[in-house]
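Visitor: can't give you the sequence, but here's the structure:
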């Protein structure tokens, strides 16, 4: 049960974090939340396609196709979240949004769609592997239910916590929380590239696995929040810090642009 | 927040789920640790039992002499239990003297007291090495790791499963309870929503909860202030009417006397009289317009016969039609409506006044009251110039004049007549249409009232 709980909890929490934050943020700027439903459907369709071609993808690139696909997906989600946070910062002045609506919609589709695709495929791989083993099914069902319940509850609480803030605060909080999430996704992508031997393996800079093991519930929650890595290498740290830096600098620049009124006065409902 | 009920239900269920599920996970882990201890104790008990009952030097493969091993009768019937336990007895030289449930020909684990995990017979086993000091031998007991884990998990999950299954039930109950708790709020909202625009009576709820009492009190105070404000507005309108009417009436008398005194009154005196008449008419119309505004008018609805009311108004205003030698016909039948007598009379007077004003001398005006299905229809038709279709919408606006040149000379008019009619129609939730009579010329004003008891 524990393994099912931890794996499903990790995957669903990651997706729920992104969905609930983006849902609260889109609500704050008056964007139609129907786009989120469309993005989730796109993600589910993507997961179906991925699962259908799973063997072919796994065998591609000398057997590291899955790792490379996962890394690409994670970098894609990070990039879309980065653009979406810039889009949100550009909305700080409701009378004169800095970016047109389609920028937000594309970033929303990309981030939620790719995140859902990845998480659903991960769960699919785990469950299909488990079903092939002679182990009883009840523990995985209960573990999955517990993990999903905890993740959905966290998502609901985060959504209401952010959406009950004032518009400006809601946008700023969403963007700030998106920073460690995005950097964490890059961190996971780097790990996949190391597994695929596309990046050199390195000795860890530190080891906190005795304090918070990665496979514990807390470790899994921290992993979902900012990809907690008990034994990060210099490359991990470099990518993490770079992503955080780029996002914060980008948001600062966009907020300056928005404040100085250098906009195209794009208006939409 | 779009819905308080959804917000409360989701957040409460989310918190219940988080607390319960995290507690379950913690409970599960503690229970699994406890089960681990129990299984270890079982290994020890079995070793002690062998120590006490198995004679020294019993040949390997002896099974008949074994006493019942289980300490938990429930486990005896569990599939896989037969392969759960392995027992070996080894002497100090390492020779196997007794073996149960394994084909292993050597000691399955090291001969040092304690619990260990080892692999043999193709499985992972949890073993206990027990030193039987009295008989100077080693007793080794082992349980298959996967079966131990599965059995423990089966037992522990029985306590977790009801918690998982209870969440949807809890969600449903919370949804119902919050709905019940919010009922007074919904009732208050409905009561305010269903109030007529002119109903400023206090809102009253049965057994108002203390959380809603301040809101109800504030609402009632607001309604009370609003009512007082309307009363002042009405008093002001009445006072203003009185204050304006009196000097205008005096002016009318003075100009009449002046015209009488002058043998040949100058044209400017005639213009002055027309101006005073027009001012008087304008004041009356403005007061009527304000009085009949649906937002302000405190209507007193009663059941009226529209045809009977038309008869009264027609007889009162017959003189103005006589002056222009116009014919006025009143046709129709009894038509019962719910309406305010004063407002409907004002509406009829305005319609007749308009018809007379724009109909040429010797023209004809027809007033008809018709009862049809769920409606009572009032039609006032004339054979004047009418209003072009494109201008009919605007004709209902205040101070709208359909071409100054069309306004007959010496006829006071200020463009408020149809605006007043529209106010009164709205007040009665009736409908108003301007059209052309069947004769093809003139204006046909049609007002459709719902019959009493035909809904709003």
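Guide: Right, received. Where do you want to start? Treat the numbers as computed from the prediction; the structure is a model and nothing was measured.
Visitor: got the contact list for residue 118?
Guide: All of this is about chain A. By C-beta atoms under 8 Å, 6 or more residues apart in numbering or on different chains, the contact list for residue A:118 reads A:70, A:73, A:74, A:77. (C-beta placed from N, C-alpha, C; glycine too.)
Visitor: actually it's chain B I care about, not the one you picked
Guide: Counting by C-beta under 8 Å, 6+ apart, residue B:118 touches B:108, B:109, B:124, B:125, B:127, B:142.
Visitor: what helix or strand does the last one sit in?
Guide: According to DSSP states H and E, residue B:142 maps onto strand B:137-144.
Visitor: so where's the chain uncertain?
Guide: Went with chain A since none was named. A:95-96, A:261-269 (pLDDT under 70).
Visitor: should've been chain B
Guide: Filtered on pLDDT under 70, chain B yields the residue ranges B:57-83, B:197-198, B:237-238, B:294-298, B:401-413, B:454-456.
Visitor: pull out the buried residues from the longest helix seen in chain A.
Guide: In chain A, assigned by DSSP state H, the helix with the most residues is helix A:101-132. For helix A:101-132, a neighbour-count test (16 or more other C-beta atoms under 10 Å in any protein chain shown) marks A:101, A:103-105, A:107-127, A:130 as buried.
Visitor: separation between residue A:259 and residue B:419?
Guide: Remark: distance between residue A:259 and residue B:419 (C-beta to C-beta, to the nearest Å) = 49 Å.
Visitor: so which of the two has more stuff around it?
Guide: Legend: neighbour count by other C-beta atoms under 10 Å in any protein chain shown for residue A:259 and residue B:419, higher for residue B:419 (21 against 10).
Visitor: write out the residues of the stretch 1-150 of chain A neighbouring chain B.
Guide: By C-beta under 8 Å from any C-beta of the partner chain, the residues of the stretch 1-150 of chain A that approach chain B are A:1, A:2, A:5, A:135, A:136, A:138, A:139, A:142, A:145, A:146, A:149, A:150.
Visitor: burial measure for the first one, as a count.
Guide: Applying other C-beta under 10 Å, we find 24 residues neighbouring residue A:1.
Visitor: what's the answer for residue A:74, then?
Guide: Counted by other C-beta under 10 Å, the residues lying close to residue A:74 total 25.
Visitor: likewise residue B:282?
Guide: Using other C-beta under 10 Å, residue B:282 is surrounded by 17 other residues.
Visitor: go on, residue B:285?
Guide: 22.
Visitor: ok, now residue B:127?
Guide: Quick note: residue B:127 (other C-beta under 10 Å) scores 22 neighbours.
Visitor: for it, list each beta-bridge partner.
Guide: residue B:116, residue B:142 (DSSP bridges).
Visitor: is it in contact with residue B:140, as I believe?
Guide: Yes. In this structure residue B:127 lies within contact range of residue B:140 using C-beta atoms under 8 Å: 6.2 Å.
Visitor: find residues that contact each of those two.
Guide: Residues touching both residue B:127 and residue B:140 (C-beta under 8 Å, 6+ apart): B:108, B:109.
Visitor: give me the three-state assignment for residue B:160.
Guide: helix (DSSP: H, G, I helix; E, B strand; the rest coil).
Visitor: OK, contacts around it?
Guide: Residues counted as contacts of residue B:160 (C-beta under 8 Å, 6+ apart) are A:1, A:142, A:146, B:24, B:27, B:28.
Visitor: which non-adjacent residue is nearest it?
Guide: In space, residue B:160 comes closest to residue B:24 once its chain neighbours are excluded; the distance is 4.9 Å by C-beta to C-beta, 6 or more residues apart in numbering or on different chains.
Visitor: I figured the one you found was touching residue B:165, is that so?
Guide: No. Taking contacts as C-beta under 8 Å, residue B:24 lies outside contact range of residue B:165: 11.7 Å.
Visitor: tell me which of the two has more neighbours.
Guide: For residue B:24 versus residue B:165, neighbours defined as other C-beta under 10 Å are more numerous around residue B:24 (25 against 12).
Visitor: what's the host helix or strand of the more buried one packed up against?
Guide: Assigned by DSSP H and E, residue B:24 belongs to helix B:4-53. Helix B:4-53 is packed against helix A:2-28, helix A:138-163, strand B:85-91, strand B:123-132, strand B:137-144, helix B:145-194, with contacts defined by 3 or more C-beta pairs under 8 Å, 6 or more residues apart in numbering or on different chains; DSSP states H and E.
Visitor: the nearest residue to residue B:16 once chain neighbours are set aside - how many residues pack around it?
Guide: Using C-beta to C-beta, 6+ apart and skipping the chain neighbours, the partner closest in space to residue B:16 is residue B:170 (5.8 Å). Residue B:170 has 16 neighbours, counted by other C-beta under 10 Å.
Visitor: my guess is residue B:170 contacts residue B:15. True?
Guide: No. At 10.9 Å, residue B:170 and residue B:15 do not qualify as touching, with contact defined as C-beta under 8 Å.
Visitor: confirm residue A:212 sits in a strand?
Guide: No. Membership of residue A:212 in a strand is not supported by three-state DSSP, which gives coil.
Visitor: residues contacting residue B:397?
Guide: Listed by C-beta under 8 Å, 6+ apart, the contact partners of residue B:397 are residue B:419.
Visitor: so it versus chain A, what's the distance?
Guide: Between residue B:397 and chain A the distance is 30 Å, computed by C-beta to the nearest C-beta, to the nearest Å.
Visitor: need the phi and psi values for that residue.
Guide: With angles defined as degrees, to the nearest 10, residue B:397 sits at phi -80, psi 160.
Visitor: much appreciated, bye for now.
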